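Enquirer: structural data only, the sequence is not supplied:
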């Protein structure tokens, strides 16, 4: 069974046992969280929510961490202008435990 969930302004295609990285959640590691489900599919049977099916996917928070650093560079030729800025985005890693 697969499902499409929505969290952090993004949509993810998941199945049971998947480990995904999503936008940071305010939940402790080891706790259970549930997500808004937009679509579920099992074989030929397809359930499509308008706009959602409710909270039917549960997951366990594995850890909180930060992605690798990205470097943002602003540069203007022939004017001696260079600015460098780095950024590391926070994320939460979750394991999908159940799709209802």
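Expert: Received the coordinates, thanks. All of these numbers come straight from a predicted model, not from anything done at the bench.
Enquirer: may I see the buried residues of the longest strand anywhere in the chain?
Expert: Looking across the chain with DSSP state E, the single longest strand is strand 54-66. Judged by neighbour count (16 or more other CB atoms under 10 Å), strand 54-66 contains these buried residues: 56, 57, 59, 60, 61. (Each C-beta comes from the backbone N, C-alpha and C, glycine too.)
Enquirer: repeat for stretch 31-50
Expert: Applying a neighbour-count criterion of 16+ other CB under 10 Å, the buried positions in stretch 31-50 are 33, 35, 36, 37, 38, 39, 40, 41.
Enquirer: parallel or antiparallel, list what pairs with the helix or strand hosting residue 3.
Expert: Per DSSP states H and E, residue 3 falls inside strand 2-7. Strand 2-7 has its sheet partners listed here by DSSP bridges as strand 10-15 (antiparallel), strand 32-42 (antiparallel).
Enquirer: and for the helix or strand that comes right after the last one, what are the contacting residues?
Expert: What it means is strand 32-42. Later in the chain than strand 32-42, the nearest helix or strand by DSSP H and E is strand 45-48. By CB atoms under 8 Å, 6 or more residues apart in numbering, the surrounding residues in contact with strand 45-48 are 38, 39, 40, 41, 53.
Enquirer: try 10 Å
Expert: By CB atoms under 10 Å, 6 or more residues apart in numbering, the residues outside strand 45-48 that reach it are 1, 3, 4, 37, 38, 39, 40, 41, 53, 56.
Enquirer: just give me the closest of those residues to residue 18.
Expert: Top of the list for closeness to residue 18, among these and by CB to CB, is residue 3 at 10.0 Å.
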